[in-house]
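Enquirer: Provide a 3D model corresponding to the input given below.
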Amino acid sequence: MQFAAANTEFVIAGILFAVTILVTAARVLNVPYPVFLVLGGLAIGFVPGSPEVRLDPELVLLLFLPPLLYSASVFTSLRDLRLNVRPISFLAIGLVLATCVAVAVVAHALIPDISWPLAFVLGAVVSPTDPVAATAIAGRIGLPRRVVTIIEGEALINDATALVAYKVAVTAVVVGTFSAWDAGGQFLYGAVGGVAIGLAVGFVVAYVRERLNDPPVEVTISILTSYAAYLPAEELGVSGVVAAVTVGLYMGSQTSRVTNATVRMQGDAVWQILAFLLNSFLFVLVGLQLPTILEDLNTDRYGEGRLAVYALAVCGVVVGTRLVWTYVFTYLPRVLSIRIRRRDPFPPPRNVALVAWTGMRGAVSLAAALAIPLQTEGGAPIEERPLILFIVFCVILVTLVLQGLSLPAVIALLRIPEETDHVDQESRARLHAAEAALARIDGLAREHWTRDDTIERLRAMFNYRRRRFAARFDDDEDDDAYEQRSSDYSRMMVALIESQREAIERLRAEGEISDDVMRRVEKDLDLEETRLTDQPR
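Expert: Residues are numbered from 1 along each chain as shown. Below is the predicted model of the structure:
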């Protein structure tokens with residue numbers, strides 16, 4: 001990363017300060033923070049005396065993408081992905097490839113001298129959506145869970161699809177040859193190889209973390225896990241993106257088994273901050289890059305009017321392709337197949353419209369665009385690179401600002417009902433957890449180290465919990481030292497918490513509750529356990 005005529009540490013600190021101010025303003029105005037970050041970075045970039053920011057293309061994907069992909073996938077529900085595999089696949093694979101082809105065809109026909117490989121590079125870069133703005137709003141207003149799952153699942157998997165296609169296209173640009181047959185083979189090899197490496201790394205990491213009991217070390221390992229999968233995959237010529245996503249999905253399914261409450265709480269906090277900082281830094285860089293892009297862009301060669309036409313045409317193709325594809329492949333399979341229609345009836349048109357409109361581009365597109373090589377294998381400069389960067393910037397700006405700012409209004413206009421099923425699932429999970437604790441209390445009462453009065457207090461407490469959550473569907477000191485009583489009580493509560501955790505994990509495994517509900521209940525149990533185990537003995 002280079003900052004022309006400026007102290008690097010000063011500029012990084014300034015960007016972080018700007019992130020704090022802009023995100024705070026976005027919260028106050030109830031606007032998706034990526035929109036404010038992009039516009040803020042754009043404004044800062046044109047302030048006289050602002051530093052010129054240039055990113056090393058070879059470091060962009062390495063520094064930002066592995067942890068961002070891992071953080072997104074580790075919190076994604078495999079069960080929800082499986083239940084919605086057909087719509088997610090149509091969007092994350094079919095729509096990405098359709099957008100890539102459509103953009104490539106339009107760019108090759110409209111822009112003079114742009115080669116087919118470069119046109120496909122442009123198409124691959126603008127194909128993946130960014131989930132930050134859409135899911136932030138979705139989680140805040142309580143959208144139907146299936147809509148949120150499809151949006152998040154698409155954004156996770158389409159990164160892998162788009163960047164595998166991007167890698168194939170960039171290789172064709174650098175080498176100078178392109179073969180559709182070879183490209184298909186590379187695509188398949190990269191995807192399958194990435195999955196294999198991701199699973200292998202995940203198995204090793206899970207094996208190691210299961211035998212550790214050191215929260216700082218385990219959290220550090222979780223941060224390095226994405227790189228442990230990404231780097232070997234890239235060195236072996238397969239998709240590091242797919243490897244990072246795969247290891248994230250695998251570790252997300254194993255976290256409850258291989259970690260304890262303290263590690264989960266500390267790890268969640270660290271990942272929230274790390275993902276937020278990486279995303280925020282990249283969104284600000286989107287705005288800061290425009291002056292540099294315009295400086296490198298030969299406006300005399302293209303003309304300002306033609307540049308605007310190119311950018312608007314690609315934006316129109318990106319948005320239009322998504323709108324058409326989403327409606328066609330939501331309803332056409334159901335029209336043609338009775339079995340699909342019976343298993344998964346026609347969804348409400350307003351839900352389809354919402355999914356079609358949440359096509360904002362962002363951090364991944366920026367990182368991929370900035371990573372386009374500066375020259376070919378033979379040393380010839382890639383002269384169209386500044387033009388591609390300019391068009392990508394325009395696509396990000398138009399989709400993020402236009403769709404991001406209008407999304408709350410679209411949601412209100414469509415009158416999408418608030419999802420309430422997660423409330424019932426959470427109540428059911430807490431009811432089962434309380435019943436599991438009561439069953440364990442009966443067993444603990446026979447232990448020699450437990451006290452009758454403590455058992456009765458616990459039984460009364462969990463009976464109250466059971467009555468409380470079931471309704472939604474239809475102490476004196478003794479002569480012993482305080483420290484020992486506290487230790488015995490903590491020991492008993494930890495045993496009960498473990499029983500509750502096992503109960504909700506069984507519900508999740510049986511499909512009775514979602515991963516999100518399990519994590520919310522598990523987080524409360526982790527808080528209780530941490531409070532108990534952190535007390536002085």
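Enquirer: Tell me which residues touch the closest residue to residue 209 other than its chain neighbours, please.
Expert: Once flanking residues are discounted, residue 209 sits nearest to residue 258: 4.7 Å by CB to CB, 6 or more residues apart in numbering. From N, CA and C alone the C-beta is placed, and that goes for glycine too. Counting by CB atoms under 8 Å, 6 or more residues apart in numbering, residue 258 makes contact with 206, 209-210.
Enquirer: From those residues, list the buried ones, please.
Expert: Buried members of the contacts of residue 258, counted by 16 or more other CB atoms under 10 Å: 206, 209.
Enquirer: ok, the contacts of residue 258 vs residue 512, which is closest?
Expert: residue 206 (24.8 Å; CB to CB).
Enquirer: mind checking the SS state of residue 473?
Expert: Residue 473 falls in the coil class when you classify it by DSSP: H, G, I helix; E, B strand; the rest coil.
Enquirer: so it touches residue 428, yeah?
Expert: Yes. At 7.5 Å, residue 473 and residue 428 qualify as touching, with contact defined as CB atoms under 8 Å.
Enquirer: More neighbours: the two, which one.
Expert: Neighbours were counted for residue 473 and for residue 428 using other CB atoms under 10 Å; residue 428 has more, 20 against 9.
Enquirer: So the more buried one sits against residue 512, correct?
Expert: Yes. At 7.0 Å, residue 428 and residue 512 qualify as touching, with contact defined as CB under 8 Å.
Enquirer: From residue 455, how far off is residue 492?
Expert: From residue 492 across to residue 455, the span is 8 Å (CB to CB, to the nearest Å).
Enquirer: Neighbour count for those two, which is higher?
Expert: residue 492 (21 against 17).
Enquirer: Can you tell me the SS state at that one?
Expert: helix.
Enquirer: Report the spatially closest residue to it, excluding sequence-adjacent ones.
Expert: Distances taken as CB to CB, 6+ apart place residue 444 nearest to residue 492, at 5.9 Å, with adjacent residues excluded.
Enquirer: quick one: that neighbour from residue 526, how far?
Expert: Using CB to CB, we find residue 444 at a distance of 21 Å from residue 526.
Enquirer: So which of those two has more stuff around it?
Expert: Comparing residue 444 with residue 526 by neighbour count (other CB under 10 Å), the higher total belongs to residue 526, at 22 against 18.
Enquirer: residues near residue 356, how many?
Expert: Residues within reach of residue 356, counting by other CB under 10 Å, total 18.
Enquirer: close enough to count as contact, it and residue 326?
Expert: Yes. Contact criterion CB under 8 Å: residue 356 and residue 326 qualify, at 3.9 Å.
Enquirer: contacting residues around residue 528?
Expert: Listed by CB under 8 Å, 6+ apart, the contact set of residue 528 reads 493, 497.
Enquirer: quick one: it is in a helix?
Expert: Yes. Counting by three-state DSSP, residue 528 is located in a helix.
Enquirer: pLDDT wise, what is it at?
Expert: What the model reports as pLDDT for residue 528 is 80.
Enquirer: how much space between it and residue 521?
Expert: Per CB to CB, residue 528 is found 11 Å from residue 521.
Enquirer: can you list the domains in this structure?
Expert: Following automatic domain parsing, one gets these domains for the chain: 2-414, 421-533.
Enquirer: right, so these: which one is the most enclosed?
Expert: domain 2-414 (a mean of 19; mean count of other CB atoms under 10 Å).
Enquirer: excluding its backbone neighbours, what's nearest residue 266?
Expert: Spatial nearest neighbour of residue 266, chain neighbours left out: residue 215 (5.0 Å); criterion: CB to CB, 6+ apart.
Enquirer: circling back: can you check which residues contact both of residue 492 and residue 455?
Expert: residue 444.
Enquirer: Double-check residue 515 against residue 509; I have them as touching.
Expert: No. Counting by CB under 8 Å, residue 515 sits too far from residue 509 to count as a contact (10.6 Å).
Enquirer: quick one on the thing from earlier: can the contacts of residue 258 go into a markdown table with extra columns for distance to residue 94 and pLDDT?
Expert: Formatted as a markdown table, the contacts of residue 258 follow (distance: CB to CB, whole Å; pLDDT from 0 to 100):
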| residue | distance to residue 94 | pLDDT |
| --- | --- | --- |
| 206 | 32 | 94 |
| 209 | 36 | 92 |
| 210 | 38 | 90 |
